[in-house]
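Engineer: predicted model and sequence below, questions to follow.
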Amino acid sequence: MSNGPAIVTRGLTKYYGQVRALEDLNLEIAQGEIFGFLGPNGAGKTTTMRTILDLIRPTSGTATIMGLDSHEDAVEIRQHIGYVPGDLAMYPRLTGRELLTYFANLRGGVDWSVVDDFASRLDSDLSRKIGNLSSGNRQKVGLIQAFMNKPDILILDEPSSGLDPLVQQEFQAMLRELAAEGRTVFLSSHTLSEVERVADRVAIIREGRLAVVDTMESLKEKAIRKVTLHFAGPISESVLAGVPGVKSVSVKGTAATVSFEGAMSSLLRAATDHDVINLTSSEADLEEIFLAYYRGPGMSEVVG
């Protein structure tokens, strides 16, 4: 396997007839990276993952995994991949352990102590039949099958679907451990908070096109923050409205709530000229950053 990037796409494009699902996608995901892939439902996330895995063929463009062509070397690639699809379907009459045994045999065997450890961490009862499990408990079995062969690359499409918050925390810890071992995670989600907790970098896809690729740190620096300034006396909105980085000002009596981006220094200089007696701030609103990329016409023209 290559020592280069874990996943590379070049001009990856997929149309279903006249309907654009994906267009000219260029991504490069490093080994050992947790890479978040964000977008609303129908933005093209699932199409991207299925195309990279050669489950569907692109209209044009290429994808490589660990330096191997996703189509020409598909069989070899399967030995190094763990995958959880967004529309997870499993044999309902098998127990969780029977299903995992089936997948283990396809892969030439697994270390069952590893399987049991994952089952314990995710609180998964492998003795029960798949058909009798809730959607969240079926998802746990799907996650175990993806993790159990210690893959070089995990490709996960909406993996936290149906999981309760405590199990989500354990799952995120498992992702971080895998990345610490130099393995790669490509994580698709429409939920910002899920990706924010674990990802090194994030791509946002909208209407089948890549909107941005950036680090979580950089996105946080660009995010809108809110601060409430309490003054000794009444204050006019105009005092703060013209300050660089200020997006909005709302004044109620002697308190001004300001939404801003960037450094606070200019805002603080303007405020302290007017006898500030208290200041409170809130978390940077990353959601606004993502919603800015999500907004736009034509969403219905794209399939997921």
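Structural biologist: Yep, it's here.
Engineer: do you know how far the spatially closest residue to residue 262 that is not a sequence neighbour is from residue 267?
Structural biologist: Closest residue to residue 262 apart from its sequence neighbours, by Cβ to Cβ, 6 or more residues apart in numbering: residue 245 at 4.0 Å. Glycine gets a C-beta too; all of them are placed from N, C-alpha and C. Separation of residue 245 from residue 267 (Cβ to Cβ, to the nearest Å) stands at 7 Å.
Engineer: looking at the two, which is more packed in?
Structural biologist: In this view residue 245 and residue 267 are compared by other Cβ atoms under 10 Å, and residue 267 has more residues nearby, 20 against 16.
Engineer: how close does the residue nearest to residue 262 get to residue 37?
Structural biologist: For residue 245 relative to residue 37 (Cβ to Cβ), the value is 30 Å.
Engineer: could you look up the SS state of residue 227?
Structural biologist: strand (DSSP: H, G, I helix; E, B strand; the rest coil).
Engineer: show me what contacts it?
Structural biologist: Shown in contact with residue 227 (Cβ atoms under 8 Å, 6 or more residues apart in numbering): 257, 258, 260, 264, 267, 279, 280, 281, 282.
Engineer: and residue 260, by the same measure?
Structural biologist: By Cβ under 8 Å, 6+ apart, residue 260 lies in contact with 224, 225, 226, 227, 243, 245, 246, 247, 267.
Engineer: do residue 172 as well
Structural biologist: Residue 172 makes contact with 194, 197, 198, according to Cβ under 8 Å, 6+ apart.
Engineer: 6 Å - rerun?
Structural biologist: Applying Cβ atoms under 6 Å, 6 or more residues apart in numbering to residue 172 gives the contacts 197, 198.
Engineer: surely it forms part of a strand?
Structural biologist: No: the assignment for residue 172, made by three-state DSSP, is helix rather than a strand.
Engineer: do you know how far it is from residue 121?
Structural biologist: Taking Cβ to Cβ, one finds residue 172 at 11 Å from residue 121.
Engineer: check contacts around residue 88.
Structural biologist: residue 142.
Engineer: I'd assumed it was in a strand, is it?
Structural biologist: No: assessed with three-state DSSP, residue 88 is coil; it does not lie in a strand.
Engineer: need the phi and psi values for it.
Structural biologist: Residue 88 adopts backbone torsions of phi -60, psi 120, taken as degrees, to the nearest 10.
Engineer: return the residue of the protein that is most distant from the centre.
Structural biologist: Residue farthest from the centre of the chain, counting by Cα atoms, centre = their mean, is residue 233 at 45.5 Å.
Engineer: the closest residue to that residue other than its chain neighbours and residue 107, how far apart?
Structural biologist: Nearest non-adjacent residue to residue 233, counting by Cβ to Cβ, 6+ apart: residue 254, 6.1 Å away. For residue 254, the distance to residue 107 equals 67 Å [Cβ to Cβ].
Engineer: same question, residue 209
Structural biologist: Applying Cβ to Cβ, the value for residue 209 to residue 107 is 36 Å.
Engineer: do residue 251 as well
Structural biologist: The gap separating residue 251 from residue 107 is 63 Å, by Cβ to Cβ.
Engineer: neighbour count winner among the two?
Structural biologist: Using other Cβ under 10 Å, the more surrounded residue of residue 251 and residue 107 is residue 251, with 19 against 14.
Engineer: what are the phi and psi values at the more buried one?
Structural biologist: The phi/psi pair for residue 251 (degrees, to the nearest 10) reads phi -110, psi 130.
Engineer: neighbours around the closest residue to it other than its chain neighbours, how many?
Structural biologist: The spatially closest residue to residue 251, leaving aside those adjacent along the chain, is residue 237, at 5.1 Å (Cβ to Cβ, 6+ apart). Neighbour count of residue 237, defined by other Cβ under 10 Å: 13.
Engineer: ok, now the one 4 residues further on?
Structural biologist: Here the count is done by other Cβ under 10 Å, and residue 241 has 15 residues near it.
Engineer: closest one to residue 84 out of the contacts of residue 260, please.
Structural biologist: Of all the contacts of residue 260, residue 84 sits closest to residue 224, with 32.8 Å by Cβ to Cβ.
Engineer: contacting residues around the most centrally placed residue in the chain?
Structural biologist: Ranked by distance to the mean C-alpha position of the chain (Cα atoms, centre = their mean), the top residue is residue 36 at 3.3 Å. By Cβ under 6 Å, 6+ apart, the contact set of residue 36 is 187, 195, 199, 202.
Engineer: any chance you could map the strands in the stretch 151-300 of the chain?
Structural biologist: Taking DSSP state E, counting those that start in this stretch, the strands of the stretch 151-300 of the chain run over residues 153-157, 184-189, 201-206, 209-215, 225-231, 246-252, 255-260, 276-281.
Engineer: and the pLDDT for residue 249?
Structural biologist: Note on residue 249: pLDDT of 93.
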